[in-house]
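K.L.:
Make a model of this:
(one chain, ligands or ions: 1)
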Amino acid sequence: MANQNGLIQETKTEKLEVVAAKKPPVPPGGYSTISRKQLLQNLEVNSGGRINSWVDSMRASSPTQINSSTSLLDDQSSWMVHHPSALGMFGDIINASKGKQIVMFLDYDGTLSPIVEDPDRAFMSDAMRATVRKLARHFPTAIVSGRCRDKVYSFVRLAELFYAGSHGMDIKGPSKGSNYKKGDQAVLYQPASEFLPMIDEVHKALLDKTKSTPGVIVENNKFCVSVHFRCVDEKKWTELAQQVKAVLKEYPELSLSQGRMVLEIRPTIKWDKGKALEFLLESLGYTNCADVFPVYIGDDRTDEDAFNVLRERGQGFGILVSKVPKETNAAYSLQEPAEVMVFLRRLVEWKKLTLRRQFRMRRRIEELKMSLAI
Ligand SMILES: O=P(O)(O)OC[C@H]1O[C@H](O[C@H]2O[C@H](CO)[C@@H](O)[C@H](O)[C@H]2O)[C@H](O)[C@@H](O)[C@@H]1O
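P.N.:
Residues are numbered from 1 along each chain as shown. Reported below is the predicted structural model:
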């Protein structure tokens, strides 16, 4: 649906039926067909004269500076009351998860790696990789990213994880070394595969159309395309919006959303990071399971779909990574990737302690049984 800024927002989608990892279902409404209503909404955005609203929205998309004016500091503290630090609330979080299986979902950019100007150089640190590796030993762990799956894998390089690339439209299970891998089957689900040729075409068209705009980066994310404007002079944003709009006009089956200094073009299908989260939970065998505690950590607007799913299910919670107050459905917050790493380490330490305690307890029971038997 077009919001007041003229940008397409992710549409709400109905709940998917339980899916078997081997045989993915056709999403409700089919793979590539979109409703007439959605088609008209896309056409409206693609043909309407709303460039100024686009540009306003581009401006609002990535507040990176912490302004220290009194009212903003007030906003910050009242926001923190509603979305307290996941580090400060660690004890409460652990208590809420007691007796349940924690499942971890991690966004990549801005969550595991700091935001940088060049998307090709958004490397995660070795320390973060080691932390995620330990995390995956104790909890099923998935990376859910807007990037194409191969690209995000080339950054993370951990075969024991689940990966959901292209905003969840390309899902694959662990290739080795996971406690949560079922037999030899890697989960694989690509609900937008019919869009591959179209996305390639649009990628080329966008490269061509925007080549006169200095600083723009057009990234092919396999099932979606990202148009980065982080390095584009603000004076050129209107021109860039016009260029993107001119290309999109020819593709009413595609819609536009926005991330941090990036315009995201993707198929209009009822699939997003929230659907990917549900698919992965089902693949792990947690369908209709009350004893699961999913934790999703992300920094972007596209992560809100996953935060929403958790809120609606009343299971687990979302953690927004942000230094500034943002409207969010996440329950908790962390300021930056460095804090994410501390949080993940604490989870691992807590789990190791629990396992040691359980081991000691079992050993004591065995000893007691033996002494009674004598
Ligand atoms: O879902 P994510 O893993 O967070 O991916 C969302 C987009 O992330 C990348 O762009 C963002 O990070 C870049 C590197 O730090 C930064 O330069 C850019 O401004 C950010 O928007 C990625 O390049 C996109 O393809 C993803 O869609």
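
K.L.:
To what extent is whatever residue of the stretch 51-200 of the chain ends up closest to the ligand buried, counted in neighbours?
P.N.:
Nearest residue of the stretch 51-200 of the chain to the ligand, counting by CB to the nearest ligand atom: residue 146, 2.6 Å away. Heads up, the C-betas are built off the backbone N, CA and C, glycines and all. Neighbourhood size, residue 146 [other CB atoms under 10 Å]: 27.

K.L.:
residues in contact with the nearest residue in space to it that is not next to it in sequence?
P.N.:
Spatial nearest neighbour of residue 146, chain neighbours left out: residue 167 (5.0 Å); criterion: CB to CB, 6 or more residues apart in numbering. Contacts for residue 167 (CB atoms under 8 Å, 6 or more residues apart in numbering) come out as 145-146, 221, 223-224, 264, 266, 271-273, 276, 302.

K.L.:
pLDDT wise, what is the closest residue in space to residue 144 that isn't next to it in sequence at?
P.N.:
Excluding its sequence neighbours, the residue lying closest to residue 144 (CB to CB, 6+ apart) is residue 164, at 4.5 Å. For residue 164, the model assigns a pLDDT of 98.

K.L.:
Quick one: name whatever helix or strand follows whichever strand or helix holds residue 164.
P.N.:
Secondary structure assignment for residue 164, by DSSP states H and E: strand 162-165. Toward the C-terminus, strand 162-165 is succeeded by strand 170-172 as the next helix or strand (DSSP H and E).

K.L.:
And the contacts of stretch 80-92?
P.N.:
Here stretch 80-92 makes contact (CB under 8 Å, 6+ apart) with 93, 319-320, 328, 330-335, 339, 342-343, 346.

K.L.:
do that again at 10 Å, thanks
P.N.:
Identification of contacts with stretch 80-92 by CB atoms under 10 Å, 6 or more residues apart in numbering yields 93, 95-96, 295, 297, 317-322, 325-326, 328-335, 339-340, 342-343, 346-347, 350.

K.L.:
Would you mind listing what in this structure touches the ligand?
P.N.:
The chain has residues 107-110, 115-117, 119, 122, 145-147, 219, 221, 226, 228, 230, 259-262, 264, 300, 302 near the ligand, with proximity defined as CB under 6 Å from any ligand atom.

K.L.:
ok, so what distance separates residue 112 from residue 254?
P.N.:
Distance of residue 112 to residue 254, computed by CB to CB, to the nearest Å: 28 Å.

K.L.:
Show me which of those two is the more surrounded one.
P.N.:
A count of neighbours by other CB under 10 Å puts residue 112 above the other of residue 112 and residue 254, at 28 against 22.

K.L.:
I'd assumed residue 339 was in contact with the more buried one.
P.N.:
No: here residue 112 lies out of contact with residue 339, judged by CB atoms under 10 Å, at a distance of 11.9 Å.

K.L.:
In stretch 228-235, which of the residues would be classed as buried?
P.N.:
Within stretch 228-235, the residues that count as buried by 16 or more other CB atoms under 10 Å are 228-230, 232.

K.L.:
With stretch 148-156 instead?
P.N.:
Neighbour-count burial for stretch 148-156 [16+ other CB under 10 Å]: 148-149, 151-153, 155-156.

K.L.:
C-terminal to the helix or strand bottoming out on mean pLDDT in the chain, which secondary structure element comes first?
P.N.:
With mean pLDDT, DSSP states H and E as the measure, the helix or strand of the chain carrying the lowest mean pLDDT is helix 36-47 (a mean of 43). Using DSSP H and E, the helix or strand that follows helix 36-47 in sequence is helix 51-60.

K.L.:
just checking, what packs against that following helix?
P.N.:
In terms of contacts (3 or more CB pairs under 10 Å, 6 or more residues apart in numbering; DSSP states H and E), helix 51-60 is packed against helix 237-248, strand 254-259, strand 262-267.

K.L.:
Output these in JSON lines; the columns should cover mean pLDDT.
P.N.:
As requested, the helices and strands packed on helix 51-60 are exported to JSON lines (pLDDT from 0 to 100):
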{"stretch": "helix 237-248", "mean pLDDT": "95"}
{"stretch": "strand 254-259", "mean pLDDT": "92"}
{"stretch": "strand 262-267", "mean pLDDT": "96"}
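
K.L.:
now, of those, which is deepest in the fold?
P.N.:
Comparing those by mean neighbour count (mean count of other CB atoms under 10 Å), strand 262-267 ranks first with a mean of 24.

K.L.:
roughly how far is it from the heart of the chain?
P.N.:
Its chain's C-alpha centre and that of strand 262-267 lie 14 Å apart, by CA atoms, centre = their mean, to the nearest Å.
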